[in-house]
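Q: fold the following.
(one chain, ligands or ions: 2)
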Amino acid sequence: MQPEIVFIGGGNMARAIIGGLRQHGRAASALAAIEPDAAARAALSQDFGIRTADTLQALGASAAAPLAATIVWAVKPQVLKDAMLAARPLLSSQQCLHLSIAAGVTTASMQAWLGDVRMVRAMPNTPALLGQGMTGLFAAASASEADRSQAQAIAEAVGQTMWVEQEPLLDAVTALSGSGPAYVFYFLQAMRDAGTQLGLTPEQAYQLAVATFAGASALAAQSPESPEVLRQRVTSKGGTTFAATQAMDAQHMQQHFIDAMRASHDRAREMARELG
Ligand SMILES: NC(=O)C1=CN([C@@H]2O[C@H](COP(=O)(O)OP(=O)(O)OC[C@H]3O[C@@H](n4cnc5c(N)ncnc54)[C@H](OP(=O)(O)O)[C@@H]3O)[C@@H](O)[C@H]2O)C=CC1
Ligand SMILES: O=C(O)[C@@H]1CCC=N1
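A: Ligands and ions are numbered 1, 2, ... in the order given. Next comes the predicted model:
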């Protein structure tokens, strides 16, 4: 039986999405992955029961027969061009949707490598592993309504989705929610280390930091109030929170944060130029 969705690249993000699809009831036989690393292939087969192979040919791809309704490109942006050029002769006869999760690389570049294929780009993030991901989506003009629905169904298996109607906005999504989990982990590191300096054990400090992020995020998610108002509710006049936020403002931390996200955004644009 032909799989419905073939992943090219079976690394961190592909694993998260495959796990989400399986948890949402997608049959193992509906999924397959191409992954050069034998250990990663074995883990995918063992954990999710899906078919894996080291090359498209080994999975049975040929110019004569359709391989799958959807191909998900989940390799590093730096190897995408070579992977697509190598796959093109095997996929040329196919009427399938190409869904790329690679950062930066534009639909125009990918259509130059694959031909004028139907294409959607997605920018997921690693909380997808828990079904709590956030995925930005952009559909090229070549994509149909059915393609949009299929891309959305795949992304919804691992969390929330948001469409953008202009491709460059995917670079902003990348800078915010794509890279964003790393910013949260960066803050968790800092809060753990600060708590340790203040006398807690690293374990205590980390538990307090993680619970605080989880609780504050849950509060923000269900509250109609802005983060400014939520902050005010924590900040007693002349109290401890005010002392902390004043120290942050004195260091221009918000501006530093904006600069950091701009760096992520600019890198996505730069990758599009370097790799396109
Ligand atoms: N990690 C994240 O938070 C996010 C990542 N992304 C995007 O997802 C994509 C994948 O990232 P991530 O999962 O982190 O990366 P990984 O390196 O974990 O996964 C990529 C996998 O692709 C394999 N691979 C390399 N060449 C080929 C090939 N020709 N055919 C098939 N498989 C190949 C790699 O094998 P080997 O290691 O042996 O080379 C590796 O296992 C990237 O384009 C990234 O921009 C998007 C959003 C978030
Ligand atoms: O760091 C990266 O390039 C990828 C894209 C977003 C998250 N990880």
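Q: now the residue in the stretch 1-150 of the chain positioned nearest to ligand 1: phi and psi?
A: At 1.8 Å from ligand 1, Gly11 is the closest residue in the stretch 1-150 of the chain, using Cβ to the nearest ligand atom. (Glycine included, C-beta is placed from N, CA and C.) Note on Gly11: its backbone torsions stand at phi -90, psi -150 [degrees, to the nearest 10].
Q: I figured it hits Arg41, correct?
A: No. If you go by Cβ atoms under 8 Å, Gly11 and Arg41 don't touch, sitting 11.2 Å apart.
Q: who has more neighbours, these two?
A: Applying other Cβ atoms under 10 Å to Gly11 and Arg41 shows that Arg41 carries more neighbours, namely 19 against 16.
Q: doesn't the more buried one fall inside a helix?
A: Yes. Per DSSP: H, G, I helix; E, B strand; the rest coil, Arg41 lies within a helix segment.
Q: in this structure Gln57 contacts Leu90, no?
A: Yes. At 6.9 Å, Gln57 and Leu90 qualify as touching, with contact defined as Cβ under 8 Å.
Q: neighbour count: these two, which is higher?
A: Remark: of Gln57 and Leu90, Leu90 carries more neighbours, 19 against 13, as counted by other Cβ under 10 Å.
Q: show me the contacts for the more buried one.
A: Counting by Cβ atoms under 8 Å, 6 or more residues apart in numbering, Leu90 makes contact with Leu56, Gln57, Ala61, Ser62, Ala63, Leu67.
Q: what residues sit buried inside the helix or strand harbouring it?
A: Applying DSSP states H and E as the criterion places Leu90 in helix 77-91. Neighbour-count burial for helix 77-91 flags Pro77, Leu80, Lys81, Ala83, Met84, Ala87, Leu90, Leu91 (criterion: 16 or more other Cβ atoms under 10 Å).
Q: overlap in contacts of Gly11 and Arg41?
A: Residues touching both Gly11 and Arg41 (Cβ under 8 Å, 6+ apart): Glu35.
Q: mind listing what Thr126 touches?
A: Contacts for Thr126 (Cβ under 8 Å, 6+ apart) come out as Asn12, Met13, Ala16, Gly133, Pro181.
Q: can I get these in TSV with pLDDT and neighbour count?
A: TSV is the format used below for those (pLDDT from 0 to 100; neighbours: other Cβ atoms under 10 Å):
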residue	pLDDT	neighbour count
Asn12	93	13
Met13	95	25
Ala16	92	23
Gly133	96	24
Pro181	97	16
